[in-house]
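In: kindly generate the corresponding structure for this input.
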Amino acid sequence: MRKKRKFYSGVPNHIYQRAQNGFNLFYCDEDRLVFYTIFAVCARKAPDIKVLGLCLMYDHFHSLIVSEKIEAISAFMDHCTSWFARIFNESVGRKGRLFHKNFGSAPKWGLKKIHSAIAYLFNNPVEKLLCLRAEEFRWSFLAFLNDTNPFSSKTPFRNASAALKRAKKEVDWFSSSDEPLSYQGLKRWRGSLNDQEWEELVDYIIVRYSPFDYQALVAYYESYENMLLAINSNTGGEYDLREEFNTFSDQAYDEMLEYCRAEIKETCVRRVIMWPEEEKLVLYRQLKMVTSATDRQICKFLHL
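Out: Numbers count the residues shown, from 1 in each chain. Below you'll find the model as predicted:
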């Protein structure tokens, strides 16, 4: 029998959700942007939900959410994960559950526990050797608190290409209409932009859709500078959630993605999860030889 969730009204709840069987969820910018914009739209439409933070890792995500009702968090999580699962599955011809049936949640009561949860969330990519400092990881969205272009150069409007102007205008329309972005639209924009323009558009999308109450987050530290100092001085901890844990670096996933793009010429790498099993086993052996990935990481990457 499943234990009843612990919940305290109006305090930050650390939410943890992983993929079914621990499989990978995110293979490219487009995967993360589709999920992020769905998450943001669902948060906007949920009046009882306040989002303090979100971090997208390869096979799971963390969020800090404040609500007066546990039912509101459950409905929100079900809405955004089922919506993304449907779109992800459609994009590769997959069927079945994408996320683990139940998400983990832990209420954080008291400033010490709140600080520890915040540090833990934003230091996930640091612990997995994806960056040196928490604000250097784009998909924890921390750097966007005081910078609209932390990972790109902002092009003056008059100097922007027609394709970039058009893409930003379409992003504005979808965001103002409370519609998430689609794989088709993102693929079209990426095909019309150079690498620098694409990075600028990604930053623009993140800012335009932002679901975060940054003011409430910073209030736990009094200033942004104090918060960064605290986060980068202490990795935090999480003892209230049953999270899958391993000590291996997530850089191995970057290596596998690079290999698939370069050697098998697969631009949409998530499609490998739908390959016939015998072909996936061939790729498994190749990845085992040329990357630092463990057996478990390769299986998660290939959905084996």
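
In: lowest average confidence, helix or strand, in this structure?
Out: Counting by mean pLDDT, DSSP states H and E, the chain has its least confident helix or strand at strand 104-107, which shows a mean of 91.

In: buried ones in the following helix or strand past that strand, by neighbour count?
Out: Later in the chain than strand 104-107, the nearest helix or strand by DSSP states H and E is helix 111-127. In terms of neighbour count (16 or more other C-beta atoms under 10 Å), helix 111-127 has its buried residues at 113-126. From N, CA and C alone the C-beta is placed, and that goes for glycine too.

In: nearest to Arg190 among these?
Out: Pro125 (23.1 Å; C-beta to C-beta).

In: and that closest one, how far is that from Phe99?
Out: Between Pro125 and Phe99 the distance is 20 Å, computed by C-beta to C-beta, to the nearest Å.

In: and Leu181, by the same measure?
Out: Leu181 is 20 Å from Phe99, where distance means C-beta to C-beta.

In: show me the shaky parts of the stretch 101-250 of the chain.
Out: 243-246 (pLDDT under 70).

In: mind listing the helices for it?
Out: With DSSP state H, counting those that start in this stretch applied, the stretch 101-250 of the chain shows helices at 111-127, 162-176, 183-192, 195-209, 214-218, 224-233, listed in chain order.

In: redo these as JSON lines? Include distance to Glu71.
Out: What follows is those, written out as JSON lines (distance: least, C-beta to C-beta, whole Å):
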{"stretch": "helix 111-127", "distance to Glu71": "22"}
{"stretch": "helix 162-176", "distance to Glu71": "27"}
{"stretch": "helix 183-192", "distance to Glu71": "31"}
{"stretch": "helix 195-209", "distance to Glu71": "25"}
{"stretch": "helix 214-218", "distance to Glu71": "21"}
{"stretch": "helix 224-233", "distance to Glu71": "30"}
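
In: which of these sits closest to Lys265?
Out: Nearest to Lys265, of all those, is helix 183-192, at 16.0 Å by C-beta to C-beta.

In: need the CA coordinates for stretch 198-209. PDB is fine.
Out: The C-alpha trace of stretch 198-209 is given here as PDB (Å, rounded to 0.1, in the frame of the first residue of the first chain):
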ATOM      1  CA  TRP A 198      19.500  29.400 -32.600                       C
ATOM      2  CA  GLU A 199      21.200  30.000 -29.200                       C
ATOM      3  CA  GLU A 200      19.700  33.400 -29.000                       C
ATOM      4  CA  LEU A 201      16.300  32.000 -29.800                       C
ATOM      5  CA  VAL A 202      16.600  29.400 -27.100                       C
ATOM      6  CA  ASP A 203      17.300  32.100 -24.500                       C
ATOM      7  CA  TYR A 204      14.400  34.100 -25.900                       C
ATOM      8  CA  ILE A 205      12.000  31.200 -25.500                       C
ATOM      9  CA  ILE A 206      13.100  30.500 -22.000                       C
ATOM     10  CA  VAL A 207      12.600  34.100 -20.900                       C
ATOM     11  CA  ARG A 208       9.300  34.600 -22.800                       C
ATOM     12  CA  TYR A 209       7.700  31.500 -21.200                       C
END
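
In: centre of the chain to that stretch, how far?
Out: 14 Å (C-alpha atoms, centre = their mean, to the nearest Å).

In: stretch 235-254 now?
Out: 15 Å.

In: outside of that stretch, which residues touch it?
Out: 6, 14, 16, 18, 22, 24, 57-58, 60, 104-106, 115-121, 123, 125-130, 291-294, 296-297, 301 (C-beta atoms under 8 Å, 6 or more residues apart in numbering).

In: mind giving me the packing neighbours of the host helix or strand of Arg296?
Out: Assigned by DSSP H and E, Arg296 belongs to helix 295-302. Here helix 295-302 touches helix 251-263, helix 277-290, going by 3 or more C-beta pairs under 8 Å, 6 or more residues apart in numbering; DSSP states H and E.

In: out of those, which one sits most buried?
Out: helix 251-263 (a mean of 17; mean count of other C-beta atoms under 10 Å).

In: got the angle for it vs helix 277-290?
Out: 110 degrees (axes from the mean of the first three to the mean of the last three C-alpha atoms, to 10 degrees).

In: could you tell me the angle between helix 251-263 and helix 295-302?
Out: Going by the same axes, to 10 degrees, helix 251-263 makes 50 degrees with helix 295-302.
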